[in-house]
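Chemist: show me how the following folds:
(chains A, B, C and D)
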There are 4 protein chains.
Amino acid sequence: MEFTSESIVRLYDTDAAGFHFYGAQFRFAHEALEDFLEHIGLPIAKTIRDRGVLFPVVHAEADYRAPLAVGDRLAVRVVVRALGDRSFSMGYRFFLADGREAGSVATVHASVSAATGASCPLPVEVRTAFAPYLTTGD
Amino acid sequence: MEFTSESIVRLYDTDAAGFHFYGAQFRFAHEALEDFLEHIGLPIAKTIRDRGVLFPVVHAEADYRAPLAVGDRLAVRVVVRALGDRSFSMGYRFFLADGREAGSVATVHASVSAATGASCPLPVEVRTAFAPYLTTGD
Amino acid sequence: MEFTSESIVRLYDTDAAGFHFYGAQFRFAHEALEDFLEHIGLPIAKTIRDRGVLFPVVHAEADYRAPLAVGDRLAVRVVVRALGDRSFSMGYRFFLADGREAGSVATVHASVSAATGASCPLPVEVRTAFAPYLTTGD
Amino acid sequence: MEFTSESIVRLYDTDAAGFHFYGAQFRFAHEALEDFLEHIGLPIAKTIRDRGVLFPVVHAEADYRAPLAVGDRLAVRVVVRALGDRSFSMGYRFFLADGREAGSVATVHASVSAATGASCPLPVEVRTAFAPYLTTGD
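Modeler: Residues are numbered from 1 along each chain as shown, chains lettered A, B, ... in the order given. The predicted structure is shown next:
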């Protein structure tokens, strides 16, 4: 299963060289993650507050395939790439209105206790809610 | 008395229209505030942790007088504009290398308890450290 | 007439002090402006490209009335505050889901030639499209 | 050879979960790149203007090894990881004041013509200036 979110390229995402700042793509990925978490019933603020668990990024990477311009609307396809005992991996692909893929992001998140900062098992509710979106192929 | 900090205009501060995003000037002001607080012996992390007091911005304004370009080095002159019982006001002026003023920012900060979020008196150490920088003229 | 846009407070808009960075409110205002321009048929990229006119901010100010938390959805009410020969002013008010006003932003934009950077008259199409949203009261 | 820059973790780099937003590490890397380019005599604005060449990021990745807090000063060690005919790769490692490595970033940049957006050879001055910093080991 796949979740699709939307991001809009804003003037502040672009730079004087006429390209978008490469960090912007991580902003789009993070927005899509928050939208995904809300969609599956685990809004980020509530999850932090109720379960005492944080999911900091321990690895992130991005590829850039097409330049983006102000006003471009990106369809962001979100999948779960891996579900470990104490971590999970997400994949994001960004598509322009004409169907071209503008780029992609992959992130690995650890599960850590908000109280101690130590690694902790992924809560079972998170595993259950993420499982249908686990996609290991392309 | 006046404190002078430095900011550099980065590629991500500019936009495709060739101007810097106007929000960037608030980034420069905030950096200068953190540098100022460290300079007067009240680094922001330690102040939040030790005194249990936060200083959220309740009003901010900015004027823009000259365009900025990537690589411009700004001298940021920081002064204290007002010291109230439960608030303070800061002034920031940004100068280009050739002496022209690129713009200015003014911020008003409330003093609130980190525990309750309620308004609280400005700690005496903050008043004492800020007092020499109080400048009501231009 | 009034245009209403929506912004969502993201994790990256908040800071370790538990407040949102005050610069984030200008990000919400700018997003609302781009949405407004698209709504009235003047998308920002096309306007820059076709009319050779830029609208840099020459003054900006913001007031903060309520703390914002991750996941908060803000209704952003956009009005035109003034329409000059070579400038215009915008007003933005941010409302939480429970109806409380979280804050407001006001911006003044100059009309300048993209080619020369010099002040130029506001294009008539812009005046015409903005006029219905001119609101001088509260 | 290695170039060392410095970045300071700002309040706006942190989030309500008490971690820094992972995108911030790319901001530190980009600042270090601009500082590096200036150090080797190729300031970014001048390079774009004079040589008509842009170096957009086509791949970026980051690892995170230690949490960062407001006020942390990071020593950023910059090396050139690869020098191709039409691309180059950079490596950035972030060290806390106590010597611990907080994380790392790697970026791959294409060389493209500012006029056409098409791939173009890396200018010889860029190759010459980068060569001493080429470091393929750890």
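Chemist: okay, CA-based contacts and neighbour counts for the rest of this
Modeler: Fine.
Chemist: residues near residue A:46, how many?
Modeler: 14 (other CA atoms under 10 Å in any protein chain shown).
Chemist: can you tell me the SS state at it?
Modeler: helix (DSSP: H, G, I helix; E, B strand; the rest coil).
Chemist: looking at chain A, which helix is longest?
Modeler: Counting residues, the longest helix in chain A under DSSP state H turns out to be helix A:24-39.
Chemist: need the contact partners of it.
Modeler: A:3-7, A:13, A:43-44, A:62, A:76, A:78, A:92, A:105, C:10, D:23 (CA atoms under 8 Å, 6 or more residues apart in numbering or on different chains).
Chemist: which helix or strand contains residue A:4?
Modeler: strand A:3-8 (DSSP states H and E).
Chemist: for that strand, which strands pair with it and how are they oriented?
Modeler: strand A:73-83 (antiparallel) (DSSP bridges).
Chemist: run through who's touching the strand it pairs with.
Modeler: Looking at what lies outside strand A:73-83 - CA under 8 Å, 6+ apart - the contacts are A:1-9, A:29, A:32-33, A:36, A:88-97, A:127, A:130-131, A:133-136.
Chemist: apply the buried test to those residues and list what passes.
Modeler: Buried members of those, counted by 16 or more other CA atoms under 10 Å in any protein chain shown: A:3-5, A:7-9, A:29, A:32-33, A:36, A:88-96, A:130, A:133-135.
Chemist: rewinding a little: what mean pLDDT does the strand holding residue A:4 get?
Modeler: Averaged over strand A:3-8, pLDDT sits at 89.
Chemist: buried set for stretch A:104-117?
Modeler: Buried-residue list, stretch A:104-117, by 16+ other CA under 10 Å: A:104, A:105, A:106, A:107, A:108, A:109, A:110, A:111, A:112, A:113, A:114.
Chemist: just those residues that are near chain D?
Modeler: residue A:114 (CA under 8 Å from any CA of the partner chain).
Chemist: mind putting the buried residues of stretch A:104-117 into CSV with pLDDT, distance to residue A:84 and secondary structure?
Modeler: Below are the buried residues of stretch A:104-117 laid out as CSV (pLDDT from 0 to 100; distance: CA to CA, whole Å; DSSP: H, G, I helix; E, B strand; the rest coil):
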residue, pLDDT, distance to residue A:84, secondary structure
A:104, 96, 22, strand
A:105, 96, 19, strand
A:106, 97, 15, strand
A:107, 96, 13, strand
A:108, 97, 10, strand
A:109, 95, 10, strand
A:110, 94, 9, strand
A:111, 93, 10, coil
A:112, 91, 13, strand
A:113, 89, 16, strand
A:114, 83, 19, coil
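Chemist: chain C: which of the buried residues of stretch A:104-117 is nearest?
Modeler: Distances from chain C to the buried residues of stretch A:104-117, taken as CA to the nearest CA, are shortest for residue A:114 (13.2 Å).
Chemist: for that closest one, what are its contacts?
Modeler: Residue A:114 touches A:48, A:52, A:53, A:54, D:17, counting by CA under 8 Å, 6+ apart.
Chemist: rebuild these as JSON lines, extending it with pLDDT, neighbour count and secondary structure.
Modeler: JSON lines is the format used below for these (pLDDT from 0 to 100; neighbours: other CA atoms under 10 Å in any protein chain shown; DSSP: H, G, I helix; E, B strand; the rest coil):
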{"residue": "A:48", "pLDDT": "74", "neighbour count": "17", "secondary structure": "helix"}
{"residue": "A:52", "pLDDT": "82", "neighbour count": "14", "secondary structure": "coil"}
{"residue": "A:53", "pLDDT": "87", "neighbour count": "24", "secondary structure": "strand"}
{"residue": "A:54", "pLDDT": "87", "neighbour count": "24", "secondary structure": "strand"}
{"residue": "D:17", "pLDDT": "62", "neighbour count": "24", "secondary structure": "coil"}
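Chemist: I'd like those residues as JSON lines, with distance to residue C:118 appended.
Modeler: Output for the contacts of residue A:114, formatted as JSON lines (distance: CA to CA, whole Å):
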{"residue": "A:48", "distance to residue C:118": "50"}
{"residue": "A:52", "distance to residue C:118": "55"}
{"residue": "A:53", "distance to residue C:118": "54"}
{"residue": "A:54", "distance to residue C:118": "50"}
{"residue": "D:17", "distance to residue C:118": "45"}
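Chemist: ok, the residues you listed vs residue A:67, which is closest?
Modeler: residue D:17 (32.3 Å; CA to CA).
Chemist: in chain A, what helix or strand scores lowest on average pLDDT?
Modeler: helix A:44-51 (a mean of 77; mean pLDDT, DSSP states H and E).
Chemist: residue A:90: which element?
Modeler: strand A:87-95.
Chemist: what is the burial count for residue A:83?
Modeler: 18.
Chemist: ok, back up a step: who touches the strand holding residue A:4?
Modeler: A:28, A:31-32, A:35-36, A:70-79, A:133.
Chemist: next, the angle from it to strand A:87-95.
Modeler: 60 degrees (axes from the mean of the first three to the mean of the last three CA atoms, to 10 degrees).
Chemist: can you list the weak-confidence ranges in chain A?
Modeler: The model of chain A has pLDDT under 70 over residues A:15-20, A:137-138.
Chemist: which single residue in it comes nearest to chain D?
Modeler: Taking CA to the nearest CA, chain A has residue A:61 as its residue nearest chain D, at 3.9 Å.
Chemist: ok so, going back, quick check: angle from the strand holding residue A:90 to helix A:24-39?
Modeler: Using the same axes, to 10 degrees: strand A:87-95 against helix A:24-39 is 110 degrees.
Chemist: close to chain D, is strand A:87-95?
Modeler: No. Applying CA under 8 Å from any CA, one finds strand A:87-95 separated from chain D by no less than 13.7 Å.
Chemist: give me the helices and strands touching that strand, please.
Modeler: strand A:73-83, strand A:101-110 (3 or more CA pairs under 8 Å, 6 or more residues apart in numbering or on different chains; DSSP states H and E).
Chemist: any chance of those in a markdown table, plus distance to residue D:121?
Modeler: Shown next, in a markdown table, are those (distance: least, CA to CA, whole Å):
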| stretch | distance to residue D:121 |
| --- | --- |
| strand A:73-83 | 31 |
| strand A:101-110 | 23 |
